[in-house]
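Peer 1: Just need the structure, nothing else, for what follows:
(3 chains)
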Amino acid sequence: MAEPMRIRATMAGDVADVKVLMNHPMETGQRKDAKTGQLVPAHFIQEVTATLNGATVLAADLGSGISRNPYLGFKVKGAKAGDKVSVNWTDNKGDKNSAEATIG
Amino acid sequence: MKQQTIAKLLAGLTGLGIAFGAATALATPEADRQEFVKYYTTKYPNVKLEDYVYGALAFDADSKAQYDAIMEFPPYESQIEKGRKMWETPFKNGKTYADCLPNGGKMIAGNYPMFDEAKGKVVTLENAINDCRTANGEAAFKPGDKNTFGFLTAYMRTLSDGMLMNIKVEGPKAMAAYEDGKKTFFSRKGQLNFACASCHVQNAGVRLRSELISPAVGHAVHWPVFRGGDNLVTLQNRYSGCFKQVRAVPPAIDSVTMNNLEYFHSSLSNGLPMKASVFRK
Amino acid sequence: MNALRRNVLKGAAGAGTVAVAVAAGLLKPTQAMAAWNKAAFDAKNVGDAMKGLGVSAPADSKDITIKAPDIAENGAVVPVEVTSGIAGTTAIAIIAEKNATPLVGSYNLSGGTQGFISTRIKMGQTSLVRAVVTAGGKSYTAAKEVKVTIGGCGG
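Peer 2: Here you go, the predicted model:
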């Protein structure tokens, strides 16, 4: 159901610079639909986990205050080119998405 | 049709008090563009001409930094992807847009709008896309429609990124269309009685209400924009918005008035590089 | 921060049972984590959000840098970057103090991940954007004001 997320991972010295763009409406539950006047139900990513070669390096809880199509950037020291970064998320409806990238 | 020089037109906008160069009998579009550039760069000697493509952002570092942060990984990439799929999907007869547009659709956006002598009118890139569709048995897209033209051009225009705007105005009929566009730009309109020039010439680089106003030079190279990183707006959508904001009734998108305005307005950005699908507030 | 998640993260890098279970595909990474911190994210003021995070009286720190605009172009998408120069940073939380629910995100870092988070947040009105950093079992904080305006002509 969800569109694929994009991951860019590059080395800067001995630090992997990882940038992730997730696709998600991140509805707060406070917004009124322009056409119906009804509140659009809350629908947002709650958990994001990132692993490096299988080991968890980031475990995040997000709220609906994160912008639509969430962007997340983080840095991992000691990574190297060729390592695999995997990101997966779960939202408040139980939908999930995951993607993997090789550090360039 | 009597040609109007920038100086005379601005003098006609009473109360603006802008001093443009000496009025010359025959102003060419290139001479007009240079007048505009001279006006802005004299007023703002510290802003580089190449930065005018960023509009109001060239005048405010805090805004430009936010633009840079968002452009590093734009949140609307999936909308551009939609456009890419539309561009690459063949028509029912097996042909593609690349087959009928010049140069396969690459590095051509800066040539539009252009004056089509055979048709006797200004032709926009969107017109060319629709001509391609109908020539291949497909229904034309509705002008200004976000879900068709919007997404398609959000991708297709990026194929011309880096191209320098290159609007040609040659021959008396083209010149007449250009002058019509110029007249629209300088005519007061709406309940607020503002011309495009009232904001984008007289008040370029200063704030009206809380908004920093962009100069007209550099405007036309960076469309469509994604407002708030999300809401797709094409150039003629924006013209429409501007008309409404001065409380005037906007001309229809793809009307002769709007296309002539785009023709004139784009020529002001000749020589500046295009970049499609950018972030704006 | 949630103690269960912290312990799981400590074990995940090594040969702990959780890591083994994850590797064997028996336990998805998200299942290994504790449930989303509803109490903290539903909190309607900064104090309750901090309580939900298990943080009390964080010390002001000049080693936390918040890169955020002075005036947001669009309150729906405000780029915020938090850099913590405090050694042993294990968590960063981002709070927009005047949002209806101030806690925006809470990030647990392990395995060489630096004290750095870059994201884009929504802000309902001018307010302090606050970062809370956990390092060496202690909490630290810094804040930066971001103004949010309603423009006249941006549409």
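Peer 1: Bridged to the spatially most central residue of chain C, which residues?
Peer 2: Chain C has residue C:93 as the residue nearest its centroid, 2.1 Å off, counting by Cα atoms, centre = their mean. Beta-bridge partners of residue C:93, counted by DSSP bridges, are residue C:106, residue C:132.
Peer 1: mind checking pLDDT for it?
Peer 2: You'll see residue C:93 listed with a pLDDT of 98.
Peer 1: what's the spacing between it and residue A:91?
Peer 2: Relative to residue A:91, residue C:93 is positioned 20 Å away (Cβ to Cβ, to the nearest Å). Quick note: C-beta positions are derived from backbone N, CA and C, even for glycine.
Peer 1: Next, residue 57: secondary structure please.
Peer 2: Looking at chain A here, since you left the chain open. At residue A:57 the chain is in strand, as set by DSSP: H, G, I helix; E, B strand; the rest coil.
Peer 1: My question was about chain B, not that one.
Peer 2: Of the three states, residue B:57 takes helix under three-state DSSP.
Peer 1: From what I see, it and residue B:70 are in contact.
Peer 2: No: here residue B:57 does not reach residue B:70: they are 11.3 Å apart, not a contact under Cβ atoms under 8 Å.
Peer 1: so where do the strands sit in chain B?
Peer 2: Using DSSP state E, the strands of chain B run over B:114-116, B:121-123, B:207-208, B:211-212, B:225-227, B:231-233, B:278-280.
Peer 1: TSV for these, including mean neighbour count?
Peer 2: Output for these, formatted as TSV (neighbours: other Cβ atoms under 10 Å in any protein chain shown):
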stretch	mean neighbour count
strand B:114-116	19
strand B:121-123	20
strand B:207-208	14
strand B:211-212	18
strand B:225-227	21
strand B:231-233	19
strand B:278-280	23
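Peer 1: need these in JSON lines with mean pLDDT, can you?
Peer 2: Output for the strands of chain B, formatted as JSON lines (pLDDT from 0 to 100):
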{"stretch": "strand B:114-116", "mean pLDDT": "98"}
{"stretch": "strand B:121-123", "mean pLDDT": "98"}
{"stretch": "strand B:207-208", "mean pLDDT": "88"}
{"stretch": "strand B:211-212", "mean pLDDT": "91"}
{"stretch": "strand B:225-227", "mean pLDDT": "96"}
{"stretch": "strand B:231-233", "mean pLDDT": "95"}
{"stretch": "strand B:278-280", "mean pLDDT": "96"}
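Peer 1: Can you tell me which of these is nearest to residue C:131?
Peer 2: Of all the strands of chain B, strand B:278-280 sits nearest to residue C:131, with 24.3 Å by Cβ to Cβ.
Peer 1: That closest one pairs with which strands, and in what direction?
Peer 2: Here, using DSSP bridges, strand B:278-280 pairs with strand B:225-227 (parallel).
Peer 1: how far does the partner strand sit from the chain's center?
Peer 2: Centre-to-centre, strand B:225-227 and its host chain are 14 Å apart (Cα atoms, centre = their mean, to the nearest Å).
Peer 1: Phi first, then psi, for the closest residue to chain B within chain A.
Peer 2: Closest to chain B within chain A is residue A:69: 3.7 Å, counting by Cβ to the nearest Cβ. For residue A:69, the backbone dihedrals are phi 50, psi 70 (criterion: degrees, to the nearest 10).
Peer 1: Skip the chain neighbours and tell me the closest residue to the closest residue to chain A within chain C.
Peer 2: Among all residues of chain C, residue C:118 sits closest to chain A, at 3.3 Å; criterion: Cβ to the nearest Cβ. Residue nearest to residue C:118 in three dimensions, not counting chain neighbours: residue A:73, with 3.3 Å by Cβ to Cβ, 6 or more residues apart in numbering or on different chains.
Peer 1: Let me see the backbone angles for the one you found.
Peer 2: Residue A:73 has phi and psi values of phi -120, psi 140 when expressed as degrees, to the nearest 10.
Peer 1: burial measure for residue 95, as a count.
Peer 2: Using chain A here. Other residues near residue A:95 number 13, with proximity taken as other Cβ atoms under 10 Å in any protein chain shown.
Peer 1: Correction: the question concerned chain C.
Peer 2: Residue C:95 - counted by other Cβ under 10 Å - has 29 other residues nearby.
Peer 1: Apart from its chain neighbours, what residue comes closest to it?
Peer 2: residue C:130 (4.3 Å).
Peer 1: right, and that neighbour touches residue C:139 too?
Peer 2: No: using Cβ under 8 Å, residue C:130 is not in contact with residue C:139, being 11.6 Å away.
Peer 1: Between those two, which is the more surrounded one?
Peer 2: It is residue C:130, of residue C:130 and residue C:139, that has more neighbours when counted by other Cβ under 10 Å, with 24 against 21.
Peer 1: I'd assumed residue C:52 was in a helix, is it?
Peer 2: Yes: Residue C:52: assigned to a helix according to three-state DSSP.
Peer 1: ok, back up a step: what about the residue of chain C closest to chain A, how many neighbours?
Peer 2: If you count neighbours by other Cβ under 10 Å, residue C:118 ends up with 21.
Peer 1: cool, residue A:72 as well?
Peer 2: For residue A:72, the neighbour count with other Cβ under 10 Å is 27.
Peer 1: State the helix or strand in which it lies.
Peer 2: strand A:71-77 (DSSP states H and E).
Peer 1: hmm, back to that, what sits opposite the residue nearest to residue C:118 in the beta ladder?
Peer 2: The partner residues for residue A:73, given DSSP bridges, come to residue A:19, residue C:118.
Peer 1: List the contacts of it.
Peer 2: For residue A:73, the contact set (Cβ atoms under 8 Å, 6 or more residues apart in numbering or on different chains) comprises A:17-20, C:81, C:116-119.
Peer 1: need the residues of chain A near chain B, please.
Peer 2: Contacts of chain A with chain B, taken as Cβ under 8 Å from any Cβ of the partner chain, map to A:3, A:6, A:8, A:19, A:21, A:23, A:67-69, A:71.
Peer 1: Tell me which two in those are the farthest apart.
Peer 2: That would be A:8 and A:68, which, of those, are the farthest apart (Cβ to Cβ) at 19.3 Å.
Peer 1: Distance check, residue A:77 against residue B:264.
Peer 2: Counting by Cβ to Cβ, the gap from residue A:77 to residue B:264 is 55 Å.
Peer 1: whoops, residue C:100 was the one
Peer 2: Distance from residue C:100 to residue B:264, counting by Cβ to Cβ: 47 Å.
Peer 1: Ok, residue A:36 next?
Peer 2: With Cβ to Cβ as the criterion, residue A:36 and residue B:264 are 42 Å apart.
Peer 1: before we move on, what about residue A:80?
Peer 2: On the measure of Cβ to Cβ, residue A:80 and residue B:264 end up 55 Å apart.
Peer 1: Of those two, which one has the most company?
Peer 2: Between residue A:80 and residue B:264, counted using other Cβ under 10 Å, residue B:264 has the larger neighbour count: 27 against 11.
Peer 1: Model confidence at the more buried one, what's the number?
Peer 2: Reading off the model, residue B:264 has pLDDT 98.
Peer 1: Was I right to think it contacts residue B:178?
Peer 2: Yes: if you go by Cβ under 8 Å, residue B:264 and residue B:178 touch, sitting 5.3 Å apart.
Peer 1: Between these two, which contacts overlap?
Peer 2: Overlap of the contact sets of residue B:264 and residue B:178 (by Cβ under 8 Å, 6+ apart) consists of residue B:29.
Peer 1: Torsion angles phi and psi at the residue located most distally from the centre of chain B?
Peer 2: In terms of distance from the mean C-alpha position of chain B, residue B:93 ranks first, at 32.8 Å (Cα atoms, centre = their mean). The phi and psi values for residue B:93, taken as degrees, to the nearest 10, are phi -90, psi 10.
Peer 1: Name the residues of the stretch 101-250 of chain B found near chain A, please.
Peer 2: B:229-230.
Peer 1: For chain C, what's the nearest residue on the stretch 101-250 of chain B?
Peer 2: residue B:209 (3.6 Å).
Peer 1: Give me the neighbour count for residue B:28.
Peer 2: 13.
Peer 1: separation between it and chain C?
Peer 2: 32 Å (Cβ to the nearest Cβ, to the nearest Å).
Peer 1: All set, thanks.
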